[in-house]
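Novice: Attaching a predicted model along with its sequence, questions to come.
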Amino acid sequence: QVQLVESGGGLVQAGGSLRLSCAASERTLSRYLMGWFRQAPGKEREFVAAISRSGGSTIYADSVQGRFTISRDNAKNMVHLLMNSLKPEDTAVYYCAAGIGALATGDYAYWGQGTQVTVSS
């Protein structure tokens with residue numbers, strides 16, 4: 001069982017930046033594909049970004065490409081999401097997830113409880 005705890009959310013003005021972090025209980029986090037997802041009020045949860053087990057490959061949703069950067073530190077069991085040039089439409093609860101499979105089609109079995117990101121215009 002992998003436990004994930006997100007942090008770093010908050011209120012920021014449009015154009016600002018936030019760095020989300022995800023702390024994992026799993027000592028061998030390198031076993032897992034890691035991803036970030038988000039869910040805005042009244043909308044379905046959507047994929048944001050994913051990073052391969054080694055950290056050598058990443059993939060992003062078109063809506064965040066060029067603005068967000070996912071990274072991981074397997075030695076510290078941490079995953080991060082640096083969000084720049086934030087827009088009001090980025091407002092959502094952001095979730096960290098651990099899974100298996102290919103980068104673009106990962107099967108995520110473990111989820112954190114989420115952290116709220118609110119971007120004001």
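Specialist: Everything's here; your move. Residues are numbered from 1 along each chain as shown.
Novice: To what extent is Ile100 buried, counted in neighbours?
Specialist: Ile100: 12 surrounding residues under other Cβ atoms under 10 Å. C-beta coordinates here come from the backbone N, C-alpha and C atoms, glycine included.
Novice: Strands of the chain, start to end?
Specialist: All strands of the chain, identified by DSSP state E, fall at 4-7, 10-13, 18-24, 33-39, 46-51, 58-60, 68-73, 78-83, 92-100, 107-111, 115-120.
Novice: mind saving the C-alpha coords of the fifth one as CSV?
Specialist: Spelled out, it's strand 46-51. Taking C-alpha atoms only, strand 46-51 is exported to CSV below (Å, rounded to 0.1, in the frame of the first residue of the first chain):
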residue,chain,number,x,y,z
GLU,A,46,-8.3,15.2,-15.8
PHE,A,47,-4.7,14.2,-16.4
VAL,A,48,-2.1,16.9,-15.9
ALA,A,49,1.3,15.3,-16.1
ALA,A,50,3.2,12.1,-15.6
ILE,A,51,6.8,11.0,-15.1
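Novice: quick one, what contacts Gln116?
Specialist: By Cβ atoms under 8 Å, 6 or more residues apart in numbering, the contact set of Gln116 is 9-10, 92-94.
Novice: please redo it, this time with the cut-off set to 6 Å
Specialist: Residues counted as contacts of Gln116 (Cβ atoms under 6 Å, 6 or more residues apart in numbering) are 9, 93.
Novice: Check what pLDDT it gets.
Specialist: Note on Gln116: pLDDT of 98.
Novice: Please name the bridge partners of it.
Specialist: Beta-bridge partners recorded for Gln116 (DSSP bridges): Val93.
Novice: Now do the residue nearest to Ser25 when sequence neighbours are not counted against Ser54, distance only.
Specialist: Using Cβ to Cβ, 6 or more residues apart in numbering and skipping residues adjacent in sequence, the residue nearest Ser25 is Gln3, 4.0 Å away. Between Gln3 and Ser54 the distance is 22 Å, computed by Cβ to Cβ, to the nearest Å.
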